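Undergrad: fold the following, please.
(one chain, ligands or ions: 2)
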Amino acid sequence: MTSEPVLLPPVVVMGVSGSGKSTVGTALAAALGVDFIDADDLHPAANKAKMAAGIPLTDTDRQPWLVLVGDALHAQPGRGPVIACSALKRVYRDTLRSSAPDAVFLELEAGKAELRARMEHRPEHFMPAALLDSQLETLQPLEADERGVVLDTSAPFAEVLTHAVAWLRASV
Ligand SMILES: Nc1ncnc2c1ncn2[C@@H]1O[C@H](COP(=O)(O)OP(=O)(O)O)[C@@H](O)[C@H]1O
Ligand SMILES: O=C(O)[C@H](O)[C@@H](O)[C@H](O)[C@H](O)COP(=O)(O)O
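TA: Ligands and ions are numbered 1, 2, ... in the order given. A predicted model of the protein is given here:
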């Protein structure tokens, strides 16, 4: 007798720059056996150039990017994927849910000093630590009616991953 494969909804690993989205998302996708996509790779070149110059993106800058992220989210029903995407505001997550209504959100958090240190020590990344304040000001944490969980990434990495997998197994 074969067991039914577990259907995994699209998973968005969200949070400010340096919160660990790419790191946790890559490991989580590998653990779940689904594709990982980094939404940074979907940003138009102009958005990346703006951030690299230390200028925060506006809602208008982010809108076409969020549509691309939404398209990627619902491309493989039942097979994730796991996408690392900041999804800082509630309205951005609403845009993603308009493409993938079943998407779940894992919000990664850490203290400001830890976030700054991570950004400053990350080799060859376009995002300057100077944008951390703006990222934190823009962040609207998950609300009670949004399907997801907050994960404290100041815990050891293995614990963060175990918590993420356990939450998904219990919730989907
Ligand atoms: N849980 C963690 N504990 C310590 N360092 C971490 C953790 N998660 C990520 N990092 C480190 O912090 C930096 C930023 O992580 P990254 O995954 O690039 O974040 P984001 O994609 O959210 O910007 C990387 O150098 C990474 O190795
Ligand atoms: O909406 C935004 O302002 C960006 O998506 C931003 O949140 C993201 O942090 C950068 O693209 C840098 O990428 P990392 O988050 O991987 O550092």
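Undergrad: these two touch, right, residue 47 and residue 57?
TA: Yes: using C-beta atoms under 8 Å, residue 47 makes contact with residue 57 at a distance of 5.8 Å. No exception for glycine: its C-beta is placed from N, CA and C like everyone else's.
Undergrad: quick check: residues of the chain near ligand 2?
TA: 17, 21-22, 40, 43, 51, 57, 62, 86, 88, 127, 135 (C-beta under 6 Å from any ligand atom).
Undergrad: who wins for neighbours among those residues?
TA: In terms of neighbour count, residue 21 stands highest of those at 27 neighbours, by other C-beta atoms under 10 Å.
Undergrad: excluding chain neighbours, what is closest to it?
TA: Excluding its sequence neighbours, the residue lying closest to residue 21 (C-beta to C-beta, 6 or more residues apart in numbering) is residue 84, at 3.7 Å.
Undergrad: the one you found: how many residues sit nearby?
TA: Neighbours of residue 84 under the rule other C-beta under 10 Å: 29.
Undergrad: that one: what's it in contact with?
TA: Residues near residue 84 by C-beta atoms under 8 Å, 6 or more residues apart in numbering: 13, 21-22, 24-26, 36-40.
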